[in-house]
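Enquirer: Below is the sequence, then the predicted model.
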Amino acid sequence: MADPKFTKGPWRPLLNGAEDTSVASPGGIIADVRCIDDYPSHEQVDANATLIAASPTLYEALQRICGDFRGTIKANHKPGCDCNYCFAIAALERAEGSSS
Ligand SMILES: [Zn+2]
């Protein structure tokens, strides 16, 4: 399996309770998270940055759970299957940009 194209983690949120914050990788800032016209709240800006920063770890967790069985799962489950594995594989594909 190819390495993901996204910036290598770990990522961390730079929380400050203000209307703008950032998410940093070891190499520098990878995302700005903003409140524009009072949306979302400053609390949600920090929560969104925290969620974004967790993305590489969440991606790796799903890879560890499904990675070795991904082909087998896809081969043995019908499109539209609602099981947890198919949901996890769909999330991985979405993160990889191979599904919308
Ligand atoms: Zn399934």
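Expert: Perfect, I can see it now. Residues are numbered from 1 along each chain as shown.

Enquirer: How is residue 73 assigned, secondary-structure-wise?
Expert: The three-state label given to residue 73 by DSSP: H, G, I helix; E, B strand; the rest coil is helix.

Enquirer: Show me what from this protein comes close to the ion.
Expert: Remark: the part of the chain in contact with the ion comprises 77, 81, 83, 86, using C-beta under 5 Å from the ion. (Glycine included, C-beta is placed from N, CA and C.)

Enquirer: I'd like the average pLDDT over stretch 87-100.
Expert: When pLDDT is averaged over stretch 87-100, the result is 87.

Enquirer: and it, how far from the chain's centre?
Expert: Between the centre of stretch 87-100 and the centre of its host chain there is 10 Å, according to C-alpha atoms, centre = their mean, to the nearest Å.

Enquirer: Could I get the buried residue list for that stretch?
Expert: Neighbour-count burial for stretch 87-100, with 16 or more other C-beta atoms under 10 Å as criterion, is recorded at 88-89, 92, 95.

Enquirer: thinking again about what came up before, among the residues of the chain next to the ion, name the buried ones.
Expert: Members of the residues of the chain next to the ion classed as buried by 16+ other C-beta under 10 Å are residue 86.

Enquirer: Which elements pack onto the worst-scoring helix or strand of the chain on mean pLDDT?
Expert: Of all regular secondary-structure elements in the chain, judged by mean pLDDT, DSSP states H and E, the least confident is helix 70-76 with a mean of 89. The contact analysis (3 or more C-beta pairs under 8 Å, 6 or more residues apart in numbering; DSSP states H and E) places helix 70-76 against helix 84-96.

Enquirer: contact partners of the helix it packs on?
Expert: 4-6, 55, 59, 62-63, 65-66, 69-70, 73-74, 77, 99-100 (C-beta atoms under 8 Å, 6 or more residues apart in numbering).

Enquirer: For residue 39, state which of these is nearest.
Expert: The shortest distance between residue 39 and any of these, using C-beta to C-beta, involves residue 55 and amounts to 21.8 Å.

Enquirer: Can you pull the phi/psi pair for the closest one?
Expert: phi -50, psi -50 (degrees, to the nearest 10).

Enquirer: Leaving out the residues flanking it, which one is nearest to it?
Expert: Counting by C-beta to C-beta, 6 or more residues apart in numbering, residue 55 lies nearest to residue 11, which is 6.8 Å off, once chain neighbours are set aside.
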